[in-house]
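Participant: No letters, just coordinates:
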């Protein structure tokens, strides 16, 4: 009788353990079962690379294919195991956000980019539309968000890329463009010394960096085949920043502002990438003799950095790989 009693107790213990483990354990993922495919079949994943996505000009409450771009980004980030996302500005249309409690955070960001793979760090820059109300609210949101990572209006981040390091420099180009144009400073948001301070900071950061890869991100283009191609604003910004990029061998300048995707390759160390079509898009003619790729499709860029190359895949909202480009590093 005693033996039977203990047998029943032992059986109950086994059942309880099984139920407990079933409730807490995770089922094996497909990768554990030998599955190596991805949700975007043509997407190339470089081994031992630093993977990240780039998108811009996006915050429109899900409209203009913003939701479709976001869904595709989630699949690409999953397939690549992306480490972070870069947002090239104009994060919230039409006038930015008023505070960290503005409903735009829900309607244009939190409820749109819902894929688990997109809960890595987001490194944004401010665009001209973000200056409509309170640009500092986007900096402050970093304190309450687990993924929005914007510690200041301009800042740096450093990542490991294979056996090398990659420095990412994030600029605040809207005050820069306006002050170069001669506009009166907006005293509530920046003063007349803002441009000089930011340029001095940029020079110091690039001069002191030992990173193999130096990548600068801003909102406004230095080269573009879009409708701002011949504007004085674009020319002034290029004449201000390009000499510094050449001096310190900046490998890439990534921006938005123009609502298309484009690859521009002038002579020199710096290649120019435009990714500003994460919702609304516009026609693009290309920059004469320098544009290697252009698209008016809504979409984004998937980037992979190794020790010697930056591999970029331009993707549209329907998961189509529109163009791929491998940029080799020019040694410092």
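Facilitator: Perfect, thanks for sending it. Quick caveat, the model's predicted, so the values are computed rather than measured.
Participant: so who does residue 83 touch?
Facilitator: 50-52, 120-121, 159 (CB atoms under 8 Å, 6 or more residues apart in numbering). For glycine as for every other residue, the C-beta is placed from the backbone atoms N, C-alpha and C.
Participant: now that we have those residues, which one has the most neighbours?
Facilitator: Highest neighbour count within the contacts of residue 83: residue 52, with 24 neighbours (other CB atoms under 10 Å).
Participant: Following the chain onward from the strand or helix carrying it, which element is next?
Facilitator: Using DSSP states H and E, residue 52 sits within strand 50-55. Remark: after strand 50-55, the chain's next helix or strand is helix 66-80, criterion DSSP H and E.
Participant: Show me what that next one packs onto, helices and strands only.
Facilitator: Taking 3 or more CB pairs under 8 Å, 6 or more residues apart in numbering; DSSP states H and E as contact, the helices and strands that helix 66-80 lies on are strand 50-55, strand 299-305, strand 309-316.
Participant: Could you look up the SS state of residue 187?
Facilitator: coil (DSSP: H, G, I helix; E, B strand; the rest coil).
Participant: where's residue 85 relative to residue 190, distance?
Facilitator: Residue 85 sits 26 Å away from residue 190, going by CB to CB, to the nearest Å.
Participant: so who does residue 151 touch?
Facilitator: Going by CB under 8 Å, 6+ apart, residue 151 touches 139, 142.
Participant: what's the pLDDT at it?
Facilitator: The per-residue pLDDT reported for residue 151 equals 98.
Participant: Please settle this for me: is it part of a strand?
Facilitator: No. Secondary structure of residue 151 (three-state DSSP): coil, not part of a strand.
Participant: Which residues are in contact with residue 203?
Facilitator: Here residue 203 is in contact with residue 244 (criterion: CB under 8 Å, 6+ apart).
Participant: sorry, back to before: hey, what's the angle from the strand holding residue 52 to strand 309-316? Just curious.
Facilitator: Counting by axes from the mean of the first three to the mean of the last three CA atoms, to 10 degrees, strand 50-55 lies at 40 degrees to strand 309-316.
Participant: and for strand 50-55, what are the contacting residues?
Facilitator: 45, 69, 73, 76-77, 80-88, 159-162, 166, 254, 273, 275, 278, 300-306.
Participant: and if you look at stretch 265-272?
Facilitator: With CB under 8 Å, 6+ apart as the criterion, stretch 265-272 contacts 221-223, 242, 245-246, 249-253, 255, 262-264, 290, 292, 310, 327, 330.
Participant: Between the two ends of it, what distance do you get?
Facilitator: 6 Å (CA to CA, to the nearest Å).
Participant: What are the buried residues along it?
Facilitator: 265, 269-272 (16 or more other CB atoms under 10 Å).
Participant: Tell me which stretches of the protein form helices.
Facilitator: For the chain, the helices defined by DSSP state H occupy 2-24, 66-80, 104, 136-140, 173-181, 194-208, 232-247.
Participant: circling back: adding distance to residue 198 as columns, could you present the buried residues of stretch 265-272 in TSV?
Facilitator: Formatted as TSV, the buried residues of stretch 265-272 follow (distance: CB to CB, whole Å):
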residue	distance to residue 198
265	26
269	22
270	19
271	23
272	20
